[in-house]
Every structure is written in C-alpha cells, then in structure tokens.
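Q: My questions are about this predicted structure, shown below with the sequence.
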Amino acid sequence: MIASGWDIGGVHLKQARLLATPEGRRLDWRLRPFEIWREPGRLAVELARLEPAGPLAVTLTAELSDVFPDRGAGVRAVLDAVTTARGRDDFAVLDVEGRLLSCAAARETPHAVASANWVAPATVAARRLPEGLVVDVGSTTTDIVPFRGGRPAPAGRTDRERLATGELVYTGVLRTPPAALAETVSLPGGPCRTIPEHFTQMADAYLLLGRLREEEYTVATPDGRGRSRSECAARLGRLVGADPGEIGDEALVVIARFLMERQVDRIAAALRAVAPAPRSPAVVCGAGRFVAEAAARRAGLPAVPIEELLPGYGPGWGTAAPAAALALLAAGAA
C-alpha cells in the first residue's frame with residue numbers, strides 16, 4: 001500500500017487504498033455502514049477494521065451528527081477515534097483549503113477541517129481539466145464544486161455557505177425522505193398528498209426502479225425490515241398511506257419515477273446556478289452517480305465519470321471519490 005484515504009461520515013466509513021501491483025498502481029475501496037449517533041463510542045473499533053496501517057490521510061463529515069454538542073467537539077472526537085484505531089496520531093487531515101494538516105493542527109483548527117471531503121475530488125479534477133464542476137451524489141447529500149485554473153473555486157466553504165450558494169444540496173439516493181421532494185404525487189384516481197413521516201426513503205424508490213441493488217442499500221431501513229423489492233414497495237406505499245395491494249405495483253413504480261425526476265430537477269437547478277460556464281463538464285461520482293449524470297444532462301452539461309480523468313487506476317472508485325482522491329493526494333499521485 002502506497003497511501004490510504006478515509007472519508008468518515010455519519011452513516012458510512014469509506015476507505016480507499018492506493019496500491020502498487022505488478023501491473024501498476026490501482027485504487028481499491030470499501031465501505032462500512034456505521035451510524036455514529038447510535039454508538040459513537042464504537043467509532044474507533046469500526047475504524048480499526050479499515051486496516052489503519054500505512055500512510056493515511058482523513059477527511060470527515062461525521063462531526064455534523066447531533067450526537068456532538070458542536071462541530072469542534074465532533075471533529076476532536078473523530079480525530080481521537082482515528083488516533084485510537086491507528087495507535088498514533090501520525091496521519092494527515094484535509095482542510096477546506098486543500099491542505100493536509102497534522103492531527104495536532106487539525107485539533108487546533110477544527111472548523112478548517114470540518115465537512116471538507118468535497119475538496120479532494122475537486123482538487124483532482126481541477127488538475128486535469130481547465131474548468132468544470134464535480135457533482136458527487138451520495139447517500140444523503142450532493143456536493144457541487146466548481147473548479148478553474150487548477151484548483152477548486154467554490155463560492156462557499158462551510159456547510160452554511162455552500163447551502164446558500166447551491167454548492168451543497170441536501171438530497172441523496174438513500175436517506176432522503178421522499179416527502180421532502182414532492183408534496184403530492186399522482187395516483188390512478190388523481191393527485192395525492194404525501195405523508196412527511198419517516199415511513200420510507202429514496203433507497204426504496206431506487207430499488208423499485210432497479211437503479212440500486214439490495215447490497216447497495218447500505219443504510220438502515222425506516223421500519224427495520226429488509227431490503228427486498230416487496231419490503232421496499234410496502235414502505236413506499238406508506239408515503240401515500242396505502243398498502244401495495246391497494247394501489248398496485250405499477251402505481252408505486254410511477255411514484256418512484258416521479259420522485260427521481262423531482263430529485264434530478266433539484267440537482268439540475270443547482271448545477272445551472274453553480275456551473276462556471278454554460279457547457280462546463282460535470283465530473284460525476286458518488287453512490288448516486290446515475291442521478292448526477294441525469295441532472296447534468298438536464299442542465300445541459302456533459303457528464304464525465306471521474307475515473308476517466310485518471311485512467312489505469314481501476315473501475316468504480318468514484319463511488320468513494322473523496323476517500324480515493326485523498327489517497328491520491330496523500331501519495332502525491334494526483
């Protein structure tokens with residue numbers, strides 16, 4: 001292993017490793033579901049399962065979890081967990097300016113490293129294209145990061161600033177409540193208001209549409225049941241207060257398609273507002289890459305998978321783009 005990057009989120013822990021093989025360098029990655037608010041004291045144990053040996057750089061968004069009283073406390077708790085998992089604090093931490101700080105420096109400036117994971121893929125993309133934007137659709141949020149002149153060029157750097165500018169859109173392919181996307185949906189008898197309860201989430205809609213496999217449904221289900229098609233249908237039916245037998249499978253698929261369209265609309269609107277130029281390339285990545293590609297097309301932007309910018313490192317690593325880009329940056333390979 002040449003270097004490793006960790007992206008420590010509130011519901012997933014992602015690791016990417018840059019490896020030297022007889023065929024050349026390649027990136028591999030893996031994801032561990034872990035909801036930090038349920039057992040924050042177990043974070044170090046979970047991180048230890050990511051093989052913490054070797055050169056390491058980390059980035060984090062888990063500090064936003066409401067299990068912590070504020071972001072500073074959250075950052076320090078996460079850094080403490082990394083130190084415990086690793087057995088020492090000789091790792092780097094990405095800040096919002098793209099610098100790799102020491103653990104000690106990050107502890108002194110926690111707000112500089114909070115929610116900075118968007119910087120890594122934008123830095124990699126900026127070094128390979130004259131201008132454009134990264135579109136990373138994840139389980140919970142969408143990061144839209146413009147870049148030009150060899151570096152990221154966001155209008156905002158904190159979550160609050162990025163929400164205001166449209167560079168952070170709080171919508172994702174797994175955990176987003178469908179009622180946040182549509183107050184009404186169409187049923188055979190006409191429009192129906194949706195129920196803003198935690199009955200279902202977008203992962204149910206995308207599994208019904210065949211856009212996600214069961215193994216890609218990597219977050220807890222709202223009802224604690226399984227991730228089969230029938231179980232997803234039952235949850236999505238509750239969005240309109242119905243069992244699947246009442247409205248039929250076809251109606252549920254229509255609802256799921258409508259919800260996807262509303263999510264694509266929302267991201268496309270942000271892309272039009274953020275794009276540096278009318279035909280800027282959109283570098284797409286994340287668990288919801290298919291949504292990022294659809295939103296880019298709707299916004300009139302060419303979509304470029306992030307792996308195409310670094311051919312030869314293997315397929316699929318864009319699913320964990322911040323961790324993978326961070327491993328490349330830590331190794332000086334980006």
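A: Everything's here; your move.

Q: L207 and F258, how far apart?
A: The span separating L207 from F258 equals 16 Å under the rule Cβ to Cβ, to the nearest Å. The C-beta positions use only the backbone N, C-alpha and C, and glycine is treated the same way.

Q: what about these two, which has more around it?
A: Counted by other Cβ atoms under 10 Å, L207 and F258 do not tie: L207 has more neighbours, with 24 against 17.

Q: OK, contacts around that one?
A: The contact partners of L207, by Cβ atoms under 8 Å, 6 or more residues apart in numbering, come to R213, E214, Y217, R227, R229, C232.

Q: for P244, same thing?
A: With contact taken as Cβ under 8 Å, 6+ apart, P244 is in contact with S230, A233, A234, G237, L252.

Q: Which secondary structure state is assigned to the first one?
A: Read that as S230. Classification of S230 using DSSP: H, G, I helix; E, B strand; the rest coil returns helix.

Q: One more: the second one?
A: On the three-state scheme (three-state DSSP), A233 is labelled helix.

Q: Do a quick rundown of the strands in the stretch 151-300 of the chain.
A: If you assign secondary structure with DSSP state E, counting those that start in this stretch, the strands in the stretch 151-300 of the chain sit at 151-152, 168-169, 184-187, 190-193, 282-285.

Q: With mean pLDDT added, can I get these in TSV?
A: Output for the strands of the stretch 151-300 of the chain, formatted as TSV (pLDDT from 0 to 100):
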stretch	mean pLDDT
strand 151-152	96
strand 168-169	98
strand 184-187	92
strand 190-193	94
strand 282-285	98
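
Q: To E39, which of these lies closest?
A: Ranking these by proximity to E39 (Cβ to Cβ) places strand 168-169 first, at 26.8 Å.

Q: Going by neighbour count, which residues in stretch 162-169 are buried?
A: Going by neighbour count (16 or more other Cβ atoms under 10 Å), the buried part of stretch 162-169 is R162, T165, G166, E167, L168, V169.

Q: Closest to A62 out of those residues?
A: Relative to A62, the closest of those is L168; by Cβ to Cβ it sits at 16.0 Å.

Q: shouldn't that closest one be in contact with V145?
A: No - the pair L168 and V145 does not pass the contact test of Cβ atoms under 8 Å, sitting 9.4 Å apart.

Q: Quick check: the residue nearest to the spatial centre of the chain vs M1, distance?
A: For the chain, G138 is the residue whose C-alpha lies nearest the centre (Cα atoms, centre = their mean; 2.7 Å). In this view, G138 and M1 are 25 Å apart by Cβ to Cβ.

Q: could the strands of the stretch 151-300 of the chain go into TSV alongside distance to W118?
A: Formatted as TSV, the entries for the strands of the stretch 151-300 of the chain read as follows, by distance: least, Cβ to Cβ, whole Å:
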stretch	distance to W118
strand 151-152	8
strand 168-169	8
strand 184-187	31
strand 190-193	35
strand 282-285	11
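
Q: Highest mean neighbour count out of those?
A: Of all these, strand 282-285 carries the top mean neighbour count, a mean of 28, counting by mean count of other Cβ atoms under 10 Å.

Q: Quick check: which helices or strands does that strand pack against?
A: Here strand 282-285 is seen to pack against helix 119-126, strand 131-137, helix 289-298, strand 303-305 when contacts are counted using 3 or more Cβ pairs under 8 Å, 6 or more residues apart in numbering; DSSP states H and E.

Q: mind checking which of the ones you listed is nearest W29?
A: W29 lies closest to helix 119-126 among the helices and strands packed on strand 282-285, at 12.8 Å (Cβ to Cβ).

Q: Please work out the average pLDDT along the closest one.
A: Per-residue pLDDT values across helix 119-126 average out to 98.

Q: residues near W37, how many?
A: Applying other Cβ under 10 Å, we find 12 residues neighbouring W37.

Q: got a list of what it touches?
A: Contacts of W37 were listed using Cβ under 8 Å, 6+ apart, and they are G10, S65, D66, V67.

Q: could I get those residues as TSV with distance to D243, secondary structure and neighbour count?
A: Putting the contacts of W37 into TSV (distance: Cβ to Cβ, whole Å; DSSP: H, G, I helix; E, B strand; the rest coil; neighbours: other Cβ atoms under 10 Å) gives the following:
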residue	distance to D243	secondary structure	neighbour count
G10	32	coil	21
S65	34	coil	19
D66	33	coil	8
V67	35	coil	18
